[in-house]
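K.L.:
Prediction below, plus the sequence it came from.
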Amino acid sequence: MKYMMLLVSEAGAWESIPEAKQKEIFGRIGQWWGELNGKGKIVEGYQLQPVHTATTVKLNGGKPVVTDGPFAEAKETIGGYGVLNVANLDEAIAIAKSWPGGGKVELRPVVEREGM
Amino acid sequence: MTTARRKALDRLRRGKTYMEKLSLLVASSSNEVRGEQDDRLRLIFTCCHPALSREAQVALTLRAVIGLTTPEIARAFLTSEATMAQRIVRAKRKIVEAGIPYRMPDADELNDRLDDVLAVLYLAFNEGYLATSGPSPARRDLAEDACWLSTLLMRLLPNEPEVIGLVALMQLHLARATVRFDRAGGLILLKDQDRGRWDQQAIREASAMVERASWLRRPGPYQLQAAIAACHAEAPSWAETDWAQILLLYSSLLVFWPTPVVRLNRAIALRHVAGAEAALTELQGLAVELKDYHLYHSTRAQLLRELGRESEVPAALNRALELTDNPAERALLQRRMG
């Protein structure tokens, strides 16, 4: 099964970590990601630029409106994502529990359709 | 109390020292379970999967493992059949769509996963046992069903001390279940109950279980609560209750469950060891967190009365009355108003 793994953290949480510590965490994330990617457990994914770079396009009927910022004002923002290819939710949970970046991880099964 | 019992209680209180050995012990115990038993366990752990809400876990466990009908579950939880049916359908759908596997947790996750199962069983039991609307038959049955399933779980996982502790706790409560109400359905407090009518056989069995669990040297909240219940059940009278032991057990329970309600219960034990003044001081620290909990206010009223602060009693009793709908408890509070 494939799961979208959304990596969530509080806005500003990352910036508040001292640089040396940031580097260390980055190192661990790189290793973690590389291992899971090598095993085919993470099939794709990216870290995202900070939330202040976000642009939202609203299509709620009528003319699309482009605005600055994320789709919802929230204390927590999505810092990155990965797509997992694993046997079941328990395997996805085990991976999420080992995520070195802290914060929260949301797991959502993707809709898999034939020929897509 | 016998020396053996006292030693068992000491072991239980010794803290979490042995927790680290858990995974090793679990690995050996789960290997012993086979075939149909494996299947039953897989079903229990799937129904109590942490990706389901607690409500859904309880409903699904009662439906799929115990085999209650949806109307029966709805009656036990005082909700409509439609609500309960929808809750069960949604839970089943989540299992399929989110890919919750039908499997026994690995040794290294068993500890956490077992916590969920025990919480579900305890919640179902309490829903039946505490029966906020009195001793209605449908709800009493629920407590017995939860005890039955816990006993089954104990047979499947014989080396899990917390499972043994939960079974002992339920059995100790059930041993005095019928004595808690008078003929009119009014609540009879522990200190006024006819101890001769308690089920002594069940109490002996449960106390032996508490002792057996303590030998596994992995204390936990259910074993501690069972030990407290056993202290009450074994006391020949209210006056002869071993409050010092109960106070120590509550202090240990606080390590696992540092909740305001446990602190309130500990304060009540403290009243019998160190007096009403000491207990009231403890209660002061809970005033904010428990401001909407009726037992906080009724306990406070009792302590104030003992200390001769009669003018403050009515306000506390009134607040307690405002906060409970339970007819039996309301009647009791009204009697105290005098």
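P.N.:
Yep, that arrived.
K.L.:
give me the element B:Arg218 is part of.
P.N.:
Assessed by DSSP states H and E, B:Arg218 sits outside every helix and strand.
K.L.:
ok, it - how many residues close by?
P.N.:
24 (other C-beta atoms under 10 Å in any protein chain shown). No exception for glycine: its C-beta is placed from N, CA and C like everyone else's.
K.L.:
List phi and psi for it.
P.N.:
When read as degrees, to the nearest 10, the backbone of B:Arg218 gives phi -130, psi 80.
K.L.:
Isn't it up against B:Asn159?
P.N.:
No. In this structure, B:Arg218 is not within contact of B:Asn159 by C-beta atoms under 8 Å, at 9.4 Å.
K.L.:
any low-confidence regions in the stretch 101-250 of chain B?
P.N.:
Where the stretch 101-250 of chain B drops to pLDDT under 70, the residues are B:131-140.
K.L.:
Now do the helices in it.
P.N.:
Remark: helices assigned in the stretch 101-250 of chain B by DSSP state H, counting those that start in this stretch are B:107-130, B:137-156, B:161-174, B:200-215, B:221-234, B:243-256.
K.L.:
Distance to A:Thr56 added to those helices, as a markdown table?
P.N.:
Shown next, in a markdown table, are those (distance: least, C-beta to C-beta, whole Å):
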| stretch | distance to A:Thr56 |
| --- | --- |
| helix B:107-130 | 38 |
| helix B:137-156 | 49 |
| helix B:161-174 | 49 |
| helix B:200-215 | 56 |
| helix B:221-234 | 47 |
| helix B:243-256 | 46 |
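K.L.:
Show me the one of those that comes nearest A:Gln47.
P.N.:
Minimum separation from A:Gln47 across these (C-beta to C-beta) falls at helix B:107-130, 28.4 Å.
K.L.:
List the buried residues in that closest one.
P.N.:
Buried residues in helix B:107-130, counted by 16 or more other C-beta atoms under 10 Å in any protein chain shown: B:107, B:109-111, B:113-125, B:127-129.
K.L.:
who's in contact with stretch A:58-68?
P.N.:
Residues outside stretch A:58-68 that contact it (C-beta atoms under 8 Å, 6 or more residues apart in numbering or on different chains): A:Ala54, A:Thr55, A:Thr56, A:Val57.
K.L.:
so A:Ile25 touches A:Gly103, yeah?
P.N.:
No. Using C-beta under 8 Å, A:Ile25 is not in contact with A:Gly103, being 11.1 Å away.
K.L.:
Would you check the distance separating the longest helix along chain A from the middle of the chain?
P.N.:
Longest helix in chain A, counting residues (DSSP state H): helix A:19-38. Computed by C-alpha atoms, centre = their mean, to the nearest Å, the chain-centroid distance of helix A:19-38 equals 14 Å.
K.L.:
Dump it to PDB, keeping only the CA atoms.
P.N.:
Coordinates of the C-alpha atoms in helix A:19-38 are reproduced here as PDB (Å, rounded to 0.1, in the frame of the first residue of the first chain):
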ATOM      1  CA  GLU A  19      22.600  25.800  13.900                       C
ATOM      2  CA  ALA A  20      24.900  23.000  15.100                       C
ATOM      3  CA  LYS A  21      21.900  21.000  16.300                       C
ATOM      4  CA  GLN A  22      20.100  21.700  13.000                       C
ATOM      5  CA  LYS A  23      23.100  20.200  11.100                       C
ATOM      6  CA  GLU A  24      23.100  17.100  13.300                       C
ATOM      7  CA  ILE A  25      19.400  16.500  12.700                       C
ATOM      8  CA  PHE A  26      19.800  17.100   9.000                       C
ATOM      9  CA  GLY A  27      22.500  14.500   9.000                       C
ATOM     10  CA  ARG A  28      20.300  12.000  10.600                       C
ATOM     11  CA  ILE A  29      17.400  12.800   8.300                       C
ATOM     12  CA  GLY A  30      19.600  12.400   5.300                       C
ATOM     13  CA  GLN A  31      20.800   9.000   6.500                       C
ATOM     14  CA  TRP A  32      17.200   7.900   7.400                       C
ATOM     15  CA  TRP A  33      15.800   8.900   4.100                       C
ATOM     16  CA  GLY A  34      18.600   7.400   2.100                       C
ATOM     17  CA  GLU A  35      18.200   4.000   3.900                       C
ATOM     18  CA  LEU A  36      14.400   3.800   3.400                       C
ATOM     19  CA  ASN A  37      14.700   5.100  -0.200                       C
ATOM     20  CA  GLY A  38      17.300   2.400  -0.900                       C
END
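K.L.:
residues of it that come out buried?
P.N.:
Residues of helix A:19-38 classed as buried by neighbour count (16+ other C-beta under 10 Å): A:Ile29, A:Trp32, A:Trp33, A:Leu36.
K.L.:
quick one, the helix or strand following that helix and helix A:19-38 angle?
P.N.:
Using DSSP H and E, the helix or strand that follows helix A:19-38 in sequence is strand A:42-47. Interaxial angle of strand A:42-47 relative to helix A:19-38 (axes from the mean of the first three to the mean of the last three C-alpha atoms, to 10 degrees): 150 degrees.
K.L.:
Touching the longest helix of chain A from outside, list them.
P.N.:
So helix A:19-38 is contacted by A:Trp14, A:Ile17, A:Ile42, A:Val43, A:Gly45, A:Gly82, A:Ile95, A:Ser98, A:Trp99, A:Pro100, A:Gly101, A:Gly102 (C-beta under 8 Å, 6+ apart).
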